[in-house]
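J.: Okay, predicted coordinates and the sequence, questions at the end:
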Amino acid sequence: MQRYLFTRVIQSGLLMLGVLVITFFMVRLTGDPARTMVPRDASPERVEQMRVAMGFDDPLIIQFARYVGGAVRGDFGQSLHYRAPSMRLVLERVPATIQLTLAALGFALLFSVPLGIIGGSRPGTIWDTLARGFGLLGQTVPNFWLALMLIVVFSVELRWFPTFGRSGFASVVLPAVALGFFPLGQFTRLIRSAVLEVRSEDYIRTAYSKGIEEWQVLSRHIFRNVSITLVSILGVQFGYMLGGSIYIESIFAWPGIGRMINEAVQARDFPLVQAIAVFSAGFVVVLNLLTDIAYALIDPRIRYED
């Protein structure tokens, strides 16, 4: 187990190094980075001033070393738009995005787990049809379209929820539903398929033959095995939702990093875009590492040699 953890940590570190390299060269592939950080009508003198101020006139290897050194310290420079340290601005927005992502994930699990288990344990019934229907809808309906429809129905027509902002429990309901509808469909299909597979195992038939009640078989045997499959995708899906909340946060004016990166791109705020990209990638890498560790601890069939 220790060898496995050490290997995964090394792999995660190499992955983060790759992220730093990609974000460093990303803007340079499009041309002069100093020109992307000034208005389009800026004079050559203004571009040169920006190039010198940001250190873009130094050799590339020195720029990269300075960039990596700053990234290790969490220093990505000053935001051109907000005139404040970029990483500090990102960290200020993180709680709002995590709150929205956790609410969306909770919504998805609240409906997908019972739907998937009931549908998988009763194939061919109305419950199975309902589970397959939600699974299909969740993975085909665009979340931005769903967000607009939720606003029209529940905010404009019924006036049950606010249309924008972060001002309490009511304000998180609609964006959480819009963001969580896709994973709801994915989890429902995944759980249903896992239940169908586990139900055909010999030990499940043995449990039924012993007269054990169905709810005990579902909770003690089937759901325990299904949870292994679910845990393996939760971390990946959480990271995807964290980065995929750009449209939802923009539509609902939710003050998270998704909305901030949209504003940063429009304002051509390159240091802030870099900070958000590296932070988001690092967050996903850590989540994947924790997911692998949790998967190894939960599943007794997995063996790792020290």
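T.: Perfect, thanks for sending it. Residues are numbered from 1 along each chain as shown.
J.: Show me the chain divided up by domain.
T.: Structurally, the chain divides into domains by automatic domain parsing as follows: 2-72, 93-227.
J.: mind giving me JSON lines with the ones you listed and columns for distance to I293 and mean pLDDT?
T.: In short, each C-beta sits where N, CA and C put it, glycine included. Putting the domains of the chain into JSON lines (distance: least, Cβ to Cβ, whole Å; pLDDT from 0 to 100) gives the following:
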{"stretch": "domain 2-72", "distance to I293": "7", "mean pLDDT": "78"}
{"stretch": "domain 93-227", "distance to I293": "15", "mean pLDDT": "83"}
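J.: Check those domains for me and report the most buried one.
T.: Mean neighbour count, computed with mean count of other Cβ atoms under 10 Å, is highest for domain 93-227 among the domains of the chain, reaching a mean of 17.
J.: quick one on the thing from earlier: between the domains of the chain, which one is closest to R268.
T.: For R268, the closest of the domains of the chain is domain 2-72, at 6.0 Å, according to Cβ to Cβ.
J.: Can you give the distance of that closest one from its chain's centre?
T.: Its chain's C-alpha centre and that of domain 2-72 lie 24 Å apart, by Cα atoms, centre = their mean, to the nearest Å.
J.: Repeat that for stretch 166-176.
T.: Here stretch 166-176 is found 18 Å from its chain centre; the criterion is Cα atoms, centre = their mean.
J.: closest to I246 out of the domains of the chain?
T.: With distances scored as Cβ to Cβ, the stretch of these nearest to I246 is domain 93-227 (9.6 Å).
J.: Between the two ends of the closest one, how far is it?
T.: 31 Å (Cα to Cα, to the nearest Å).
J.: which outside residues touch stretch 39-53?
T.: D32, A34, R35, M37, V38, F56, D57 (Cβ atoms under 8 Å, 6 or more residues apart in numbering).
J.: again, but for stretch 248-266
T.: Stretch 248-266 has contacts (Cβ under 8 Å, 6+ apart) with 79, 81, 89-90, 93-94, 96-97, 100, 143-144, 147-148, 151, 163-166, 171, 174-175, 178-179, 243-247, 269, 272-273, 276-277, 279-280.
J.: Please flag which of the residues you listed sit within helices.
T.: Per DSSP state H, helices hold the following members of the contacts of stretch 248-266: 89-90, 93-94, 96-97, 100, 143-144, 147-148, 171, 174-175, 178-179, 243, 246-247, 272-273, 276-277, 279-280.
J.: now the contacts of stretch 39-53 as CSV including distance to G185 and secondary structure?
T.: Formatted as CSV, the contacts of stretch 39-53 follow (distance: Cβ to Cβ, whole Å; DSSP: H, G, I helix; E, B strand; the rest coil):
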residue, distance to G185, secondary structure
D32, 44, coil
A34, 45, helix
R35, 43, helix
M37, 40, coil
V38, 44, coil
F56, 46, coil
D57, 51, coil
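J.: from those, which is closest to I10?
T.: Comparing the contacts of stretch 39-53 against I10 with Cβ to Cβ picks out F56 as the nearest, at 32.4 Å.
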